[in-house]
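J.: quick one, fold the following:
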Amino acid sequence: MILDELDFQLVNALQIAPRAPWATLAPALRTDASTLSRRWARLTEAGIAWTTCYVLPQRMQAYSALGERLRSSYASIEIRCEAGRRAEVIDALARKPEVINIECTSGSRDLSLNVASAAPGEIDDYVDTQIAPLPGVISTNTRFVRIMYREGSEYDLNALRPAQRVGVDEIRRTESSVVESAEPSSLNASVIAALQPDVRRPASEVADIVGISVPLARRAISRLMHSDWVRMRADFAHEVVGWNASVNLWVTVPQDALERLATGLALLPSVRLCASTIGPANLVTSLWLRELEELDEIELHIRRLAPEARVVDRWMVTRVVKRMGTLFDDAGRRRGYVPVPLPSIGTS
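T.: Predicted coordinates:
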């Protein structure tokens, strides 16, 4: 499938306003609602684009009766596999909801995956009991993430023309100006679960799944859309539509330059993720590149931002198996979804 300019503009618009009605988006994109509806159906049916919903526990304002803030841990797990058994390990890992992302990589590991939990000890136990014993796994290595400076929902296609972006931004501002953000609750957790495989699922369908009225579902969805601890994200099969290289850089940088470098990298259009870590390298950044040659300029940019920084490891991501619960086929298209576990976010 060859995507044209309007396809990319549509995905970009949904990155900004993922639930905006087609009739509302159409004027901003200089087209009509039926065209946008047909385009989106075509993209989703082909596994080229989709939407998903998830929670950022580190941004939740959920508190226990003792006033303790909900805590969370996130880690990158490197796995080495026995020769010829990588596919077997992938198949076992892909079915596990707790394993959020899976990538095939170059270098000293065969796979890289991400796991989130309430505490480092829980991740350590999960790796020890659920990952390391899998047939075909030789070894594991865990690196914990400290601060997330940029994550996948903040990636911007930059496909909109200036006037179009103004129009879509206005849609987003109009929606958020009249809606209160949601508080963590069991009801909101149920609504998030209903939206996980498709953010654009109609409120009537969400109401049926959760067992509430349509007006209540509509209000809950609106409030979740404008809550900092919830992410509603439009995503796409980047390898299929023109991003020919994906690279992870691991960087060591003095502590007094870490935030400067991280915030500077987070502004680059090619940066998909940027986070500080615990390990031999204290910063990781994930890049989507049109061509691998772009990496040279990015590494030079790192030296300009922090001359004392050193890139200590580089991974090519040769294949994405799973991303935020979305499963991919061998061609890089979406083929299914495994719900990402939600943290406990209240009982009211």
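
J.: packing partners for the helix or strand hosting W50?
T.: W50 is part of strand 49-55, with elements assigned from DSSP states H and E. Helices and strands touching strand 49-55, by 3 or more CB pairs under 8 Å, 6 or more residues apart in numbering; DSSP states H and E, are helix 5-16, helix 33-45, helix 186-195, strand 230-236. (C-beta placed from N, C-alpha, C; glycine too.)

J.: need those in a markdown table with distance to Y126 and mean pLDDT, can you?
T.: Output for the helices and strands packed on strand 49-55, formatted as a markdown table (distance: least, CB to CB, whole Å; pLDDT from 0 to 100):
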| stretch | distance to Y126 | mean pLDDT |
| --- | --- | --- |
| helix 5-16 | 31 | 97 |
| helix 33-45 | 32 | 98 |
| helix 186-195 | 21 | 95 |
| strand 230-236 | 23 | 94 |
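
J.: any chance of these in CSV with mean neighbour count and distance to P135 as columns?
T.: Listed next are the helices and strands packed on strand 49-55 as CSV, based on neighbours: other CB atoms under 10 Å; distance: least, CB to CB, whole Å:
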stretch, mean neighbour count, distance to P135
helix 5-16, 21, 39
helix 33-45, 16, 35
helix 186-195, 21, 31
strand 230-236, 22, 31
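
J.: now render the ones you listed as CSV, adding distance to T142.
T.: Output for the helices and strands packed on strand 49-55, formatted as CSV (distance: least, CB to CB, whole Å):
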stretch, distance to T142
helix 5-16, 31
helix 33-45, 35
helix 186-195, 27
strand 230-236, 24
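
J.: the residue nearest to the spatial centre of the chain: what's it in contact with?
T.: Nearest to the geometric centre of the chain sits G152, at 3.8 Å (CA atoms, centre = their mean). Shown in contact with G152 (CB atoms under 8 Å, 6 or more residues apart in numbering): 233, 235, 272-273, 323-324.

J.: span of stretch 42-51 from start to end?
T.: One end of stretch 42-51 to the other measures 14 Å (CA to CA, to the nearest Å).

J.: those strands in the stretch 51-200 of the chain, which residues are they?
T.: Assigned by DSSP state E, counting those that start in this stretch, the strands in the stretch 51-200 of the chain fall at 73-81, 99-105, 111-117, 137-150.

J.: any chance of those in JSON lines, plus distance to E294?
T.: Shown next, in JSON lines, are the strands of the stretch 51-200 of the chain (distance: least, CB to CB, whole Å):
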{"stretch": "strand 73-81", "distance to E294": "23"}
{"stretch": "strand 99-105", "distance to E294": "19"}
{"stretch": "strand 111-117", "distance to E294": "21"}
{"stretch": "strand 137-150", "distance to E294": "17"}
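
J.: minimum distance to L3: which of those has it?
T.: strand 99-105 (23.2 Å; CB to CB).

J.: what ranges do the helices span in the stretch 151-300 of the chain?
T.: 162-177, 186-195, 203-210, 214-225, 255-266, 294-305 (DSSP state H, counting those that start in this stretch).

J.: and the longest one with helix 214-225, angle?
T.: Orientation note: helix 162-177 sits at an angle of 120 degrees relative to helix 214-225 (axes from the mean of the first three to the mean of the last three CA atoms, to 10 degrees).

J.: for the fifth one, same thing?
T.: Taking the same axes, to 10 degrees, one finds helix 255-266 and helix 214-225 inclined to each other by 130 degrees.

J.: same check, this time on the last one
T.: With the same axes, to 10 degrees as the basis, helix 294-305 and helix 214-225 are set at 60 degrees to each other.

J.: put the alpha carbons of helix 294-305 into PDB.
T.: C-alpha atoms of helix 294-305 as PDB (Å, rounded to 0.1, in the frame of the first residue of the first chain):
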ATOM      1  CA  GLU A 294      20.800  10.300   9.400                       C
ATOM      2  CA  LEU A 295      22.400   8.600  12.500                       C
ATOM      3  CA  ASP A 296      25.700  10.400  11.800                       C
ATOM      4  CA  GLU A 297      24.200  13.800  12.200                       C
ATOM      5  CA  ILE A 298      22.300  12.800  15.300                       C
ATOM      6  CA  GLU A 299      25.500  11.600  17.000                       C
ATOM      7  CA  LEU A 300      27.200  14.800  16.100                       C
ATOM      8  CA  HIS A 301      24.200  16.700  17.600                       C
ATOM      9  CA  ILE A 302      24.700  14.700  20.800                       C
ATOM     10  CA  ARG A 303      28.300  15.900  21.000                       C
ATOM     11  CA  ARG A 304      27.200  19.500  20.400                       C
ATOM     12  CA  LEU A 305      24.600  19.300  23.200                       C
END
